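Visitor: Need a 3D model of the sequence below.
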Amino acid sequence: MGIIAVFVAAILGFSTGAAWYSALGSQWMQAVGRTKEDIDADKDKTPFVIAFLGALLASILMHHMFTMAGIEDALRCMGYGAGLGLFLVAPWIVLHYAFANRPKALWVIDAGHTVAAFAVIGLVLGLFY
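Guide: Here you go, the predicted model:
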């Protein structure tokens with residue numbers, strides 16, 4: 001059951017990005033200096049492949065960590081997932097964005113996505129225990 005849980009969690013974690021950036025698309029485009037026309041003209045699927053692989057790797061690691069720590073309750077898994085996103089990954093995103101002088105709005109959008117996606121991955125993994 002672990003492999004199924006990991007793949008379902010990765011798919012739903014990846015899908016969180018679709019919902020997140022659909023809701024915040026105009027703010028994100030403004031923060032990165034792109035237009036809808038730029039996005040529509042870009043046919044490269046590589047970022048989507050990388051995003052899914054990232055969600056898959058995060059799901060594998062969270063599954064391993066939760067299993068080793070005996071964390072099985074869905075809400076606890078969701079909380080730990082959100083915590084990993086908020087206190088581990090988001091600070092590194094912000095660190096890189098600060099040195100690159102990226103807009104603060106982009107920090108909030110991308111770090112928020114990480115927290116939401118990690119919470120979803122944690123929840124899904126917890127539902128499989």
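Visitor: Okay, helices next: where are they in the protein?
Guide: Per DSSP state H, the chain has helices spanning 2-23, 25-32, 36-41, 46-69, 74-84, 90-99, 104-128. These are given in chain order.
Visitor: Surely residue 73 is in contact with residue 127?
Guide: No. Residue 73 is beyond contact range of residue 127, at 9.9 Å (criterion: C-beta atoms under 8 Å). In this view, the C-beta of every residue, glycine as well, is placed from N, C-alpha and C.
Visitor: Now tell me which helix or strand of this structure has the poorest mean pLDDT.
Guide: Of all helical and strand segments in the chain, the minimum by mean pLDDT, DSSP states H and E falls on helix 36-41, at a mean of 92.
Visitor: how many other residues sit next to residue 77?
Guide: 26 (other C-beta atoms under 10 Å).
Visitor: For it, give me the pLDDT.
Guide: We have a pLDDT of 98 for residue 77.
Visitor: Can you tell me the closest non-neighbouring residue to it?
Guide: Using C-beta to C-beta, 6 or more residues apart in numbering and skipping the chain neighbours, the partner closest in space to residue 77 is residue 126 (3.0 Å).
Visitor: So the one you found sits against residue 82, correct?
Guide: No. Taking contacts as C-beta under 8 Å, residue 126 lies outside contact range of residue 82: 11.8 Å.
Visitor: which of those two has more neighbours?
Guide: residue 126 (23 against 20).
Visitor: Against residue 78, how distant is that one?
Guide: The spacing between residue 126 and residue 78, counted by C-beta to C-beta, to the nearest Å, is 6 Å.
Visitor: Same check on residue 46?
Guide: Separation of residue 46 from residue 78 (C-beta to C-beta): 30 Å.
Visitor: And residue 57, by the same measure?
Guide: Taking C-beta to C-beta, one finds residue 57 at 19 Å from residue 78.
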